[in-house]
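1. Quick one, what's the 3D model for this:
(one chain, ligands or ions: 1)
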Amino acid sequence: MNRIKSIRPALIVIVVSIFLITIPSPSLSQRSGDIEKRIDALLAQMTLEEKLGQLQQLDGESNGNFRPEHLQLARQGLLGSTLNVRGAQKTNQLQRIAVTESRLKIPLIFGFDVIHGYRTIFPIPLGEAASWDPAAVERSTSIAAAEARAAGVHWTFAPMVDIARDPRWGRIAEGAGEDPYLGSQMARARVRGFQGNDYSASDRIVACAKHWVAYGAAEGGRDYNTTEVSERTLREVYFPPFRATVNAGVGTFMSAFNDLDGVPASANRFTLTEVLRGEWKFDGFVVSDYTSVEELIKHGVAANGADAAREALNAGVDMEMVSRLYNKNARELMRQHQLTQQTIDEAVRRILRVKFRLGLFARPYTDEGLESKVIFNSANVAAAREIAGRSIVLLKNDRHTLPLDKNVRSIALIGPLADSQADMLGSWSGDGKPEDAITLLQGIKARVPQATVNYAQGCDIGCATADGFENALRAAKESDVAIIAVGESAAMSGEAASRSSLDLPGRQLDLVKAVEATGKPTVVVLMNGRPLTINWIAENSPAILETWFGGTQAGNAIADVLFGDVNPGGKLPVTFPRTIGQIPIYYNHKNTGRPPDAGNKYSSKYLDAPWTPLFPFGYGLSYTQFEITNLQLSSQHIPLAGKVTVRVDVRNTGKRAGDEVVQLYIRDTAASVTRPVKELKGFQRVTLQPGETKHLEFVLGAEQLGFWNRQMRFMVEPGEFKVMVGPNSEDLIETKFEVQNR
Ligand code: BGC
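-> The predicted structure follows:
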């Protein structure tokens, strides 16, 4: 990887060491000496084949069964892990073979994609990020962990912490959006939720930060595509959420599919070894993504399987998911001195370390009585409803269209997503069952049982024809209000689900227009895994709710918001563009030498579209109103290593209790490298009763004020900083202070 070379002498700066500190949990560090000794003892007994067996992960069947071959390999001690095998009884059966019949009795680690729930499904991660509520996300994640562990799963391939600035990329649904700070808070919350303080506990699992790294920067938003990212942008935008997972003690990482500046992420020694192990002191293991070792051949950095194995192992990928090139080629590579015993031993050591930390040597089996108590229990389902409610974003609410009157007599419920159980679960639904999911139709009927609900689908999600519109219009005309649920199917986002248009599919917009034309008060309920270009709706529909894919309890949670039992408080974790031609569009962009200026042709803008987004990052309304005032700093001048406290008041000026997310942004106005026009550095979601004021405090120190300078060192530089606070990234009040060179 090319390092950016300095072209100017360093300013007087301080190195900020906080970025170099890793904090293992105390219980882990106490046990680590013992664990290393036990690993030494095992390594001393293992044959090369047994070592390579630990590096192998194989896929089970999609229904959770293992394959006959797994039994045989486990018996021979030639398998380290499976993915997708789940269920206490099935995992115990396979585990029993490994720990009673294999020579060294090393347990298997069972991995599974527990992304936003195991059986009780929570909103997609992009939706949960819209809650701006790390505590809620930690809670949902801990529930997912408890359910998964009860089902014999030890390890999730989550959190997905890829920053995404391109909504065409379907996997934007799986992450926390465009911002490294919000992304880091969510990443940390998820690791804590999955792992707790000690992931050997019977209700925790080990997490996996993925996809290392810059997978979200896929050119054109096309999944698996090439990425070209400078080291500065890696460090400032793509690395921070991963760094947050390491600081939170994450046990594993997954190497990504993408080519990163000419070196595929699964063969990239700079990211896998120099940064992750060298700089960050990560001591867990790295698993490849699905066949990403073998794909090094198609990338063109390996002529054959042996090359691919050598590249990946030497770069720092410890476990190979699904392809079997380590096993086939390692012996010969060692004979040719292209791979050392030490590299293999180190990879095995890291995997065994996580198995020990999981407590698998002491307690290899899962209590088969737990599943029925833990999985999909009523407390978990209630939490899913609450968290789905916290994830909903009110994008528009003219003339107080919402909340709807609970005494409403008749409601037209229209649209392809109004009664689709499977779509509520989103794209990674773990072991979730469509039949568990509450649709909006069910949710509304349960909430207002006295009302007549005139349901008409109008069209399916593809909406190729207007044949069903007539029924939908009749339903609208016969009702007091109309609710239209439009958007994408769950399969239109997630992996391998890139889109070249962000419009509503097919003729869905025509359906909305036709319903609006009836003149009935209309609420548009969006369900989708990415920002959509909804200009007409934003301009013409009186009320819009962004509900993402809300999970098992989606319909109840949306009904809670529609009828005012829950006052929406979510905010967008990603910018909504007006047109696909604006992409990439994100709030923390650079200023350029010619910032957009309507009065100046020779400024940075488009001839045929505004430069501004449809809805900015951080945006979201409430049924009440808030006022943010009285922005004050503890000092106008701080030294290089100093801190400044930012104080601000937020007041509920309306008539209902509600939540506001107060957001703090900074700008370093002149530095040795260009800085974003705004950078989120703090937020707090607070609940306020009518008339109530809360005084909030944020602290800014070196961690928030620093950046990667021309020598690629993390520094705070002296000079002016703007501080901006507000309810979204655009409506901000501001002040400033100076960092002084002393
Ligand atoms: C995805 C990963 C996932 C893995 C295992 C891959 O295709 O990219 O995110 O964890 O499959 O299911």
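
2. my read: I558 touches L441, true?
-> No: using Cβ atoms under 8 Å, I558 makes no contact with L441, being 10.5 Å away. The C-beta positions use only the backbone N, C-alpha and C, and glycine is treated the same way.

3. out of the two, which sits in the busier spot?
-> Taking other Cβ atoms under 10 Å, I558 and L441 do not tie; I558 has more neighbours (30 against 20).

4. Following the chain past the helix or strand harbouring that one, name the next helix or strand.
-> Using DSSP states H and E, I558 sits within helix 554-562. Using DSSP H and E, the helix or strand that follows helix 554-562 towards the C-terminus is strand 626-633.

5. That next one: which residues count as buried?
-> Of all the residues in strand 626-633, those buried under the rule 16 or more other Cβ atoms under 10 Å are 626, 628, 631, 633.

6. what does it contact?
-> 644-654, 658, 660, 662, 688, 723, 725-727, 733-735, 737 (Cβ atoms under 8 Å, 6 or more residues apart in numbering).

7. so which of the buried residues of strand 626-633 would you say is closest to G458?
-> Comparing these against G458 with Cβ to Cβ picks out F626 as the nearest, at 36.0 Å.

8. which parts of the protein sit against the ligand?
-> Selection of the chain residues close to the ligand by Cβ under 6 Å from any ligand atom yields 83, 113, 157, 210, 289-290, 495.

9. Now for Q625: which residues touch it?
-> Residues in contact with Q625, defined by Cβ under 8 Å, 6+ apart, are 652-654.

10. Using ChimeraX, define a selection of the buried residues within those residues.
-> Selecting only the buried entries of these in ChimeraX, with 16+ other Cβ under 10 Å as the criterion:
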select :652,654
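
11. Secondary structure added to the contacts of Q625, as TSV?
-> Written out in TSV, the entries for the contacts of Q625 read as follows (DSSP: H, G, I helix; E, B strand; the rest coil):
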residue	secondary structure
N652	strand
T653	coil
G654	coil
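
12. Closest to E279 out of the contacts of Q625?
-> Distance to E279, by Cβ to Cβ, is smallest for N652 among the contacts of Q625, at 44.5 Å.

13. any idea how far that closest one is from S288?
-> Look at N652 and S288: by Cβ to Cβ, to the nearest Å, they are 50 Å apart.

14. right, and the helix or strand after the helix or strand that contains Q663?
-> In the assignment (DSSP H and E), Q663 maps to strand 658-668. Using DSSP H and E, the next helix or strand after strand 658-668 towards the C-terminus is strand 679-688.

15. Let me know the average pLDDT across the next helix-or-strand element following that following strand.
-> The element immediately downstream of strand 679-688 (helix or strand, assigned by DSSP H and E) is strand 693-700. The average of the pLDDT scores along strand 693-700 is 98.

16. residues making contact with strand 693-700?
-> Defining contact as Cβ under 8 Å, 6+ apart, one finds that strand 693-700 is touched by 643-652, 662, 664, 666, 681-682, 684, 686, 688, 721, 723.

17. Please list only the buried members of these.
-> Buried members of the contacts of strand 693-700, counted by 16+ other Cβ under 10 Å: 644, 646, 648, 650-652, 662, 664, 666, 681-682, 684, 686, 688, 721, 723.

18. Most widely separated two among these?
-> For these, the farthest-apart pair by Cβ to Cβ is N652 and F721; their separation is 29.6 Å.

19. hang on, K513 packs against V524?
-> No: counting by Cβ under 8 Å, V524 is not a contact partner of K513; they are 11.0 Å apart.

20. So for these two, which residue has more residues nearby?
-> Regarding K513 and V524, a neighbour count based on other Cβ under 10 Å identifies V524 as having more, with 27 against 15.

21. Now do whatever residue of the stretch 151-300 of the chain ends up closest to the ligand, the pLDDT please.
-> Per Cβ to the nearest ligand atom, the residue of the stretch 151-300 of the chain with the smallest distance to the ligand is F157, at 3.3 Å. Note on F157: pLDDT of 98.

22. Would you confirm that it contacts F253?
-> No: in this structure, F157 is not within contact of F253 by Cβ under 8 Å, at 10.4 Å.

23. what is in contact with those two at once?
-> Overlap between the contact sets of F157 and F253, as judged by Cβ under 8 Å, 6+ apart, is given by 208, 210, 287.

24. What is the burial count for the last one?
-> Summarising burial for V287: neighbours were counted as other Cβ under 10 Å, giving 28.
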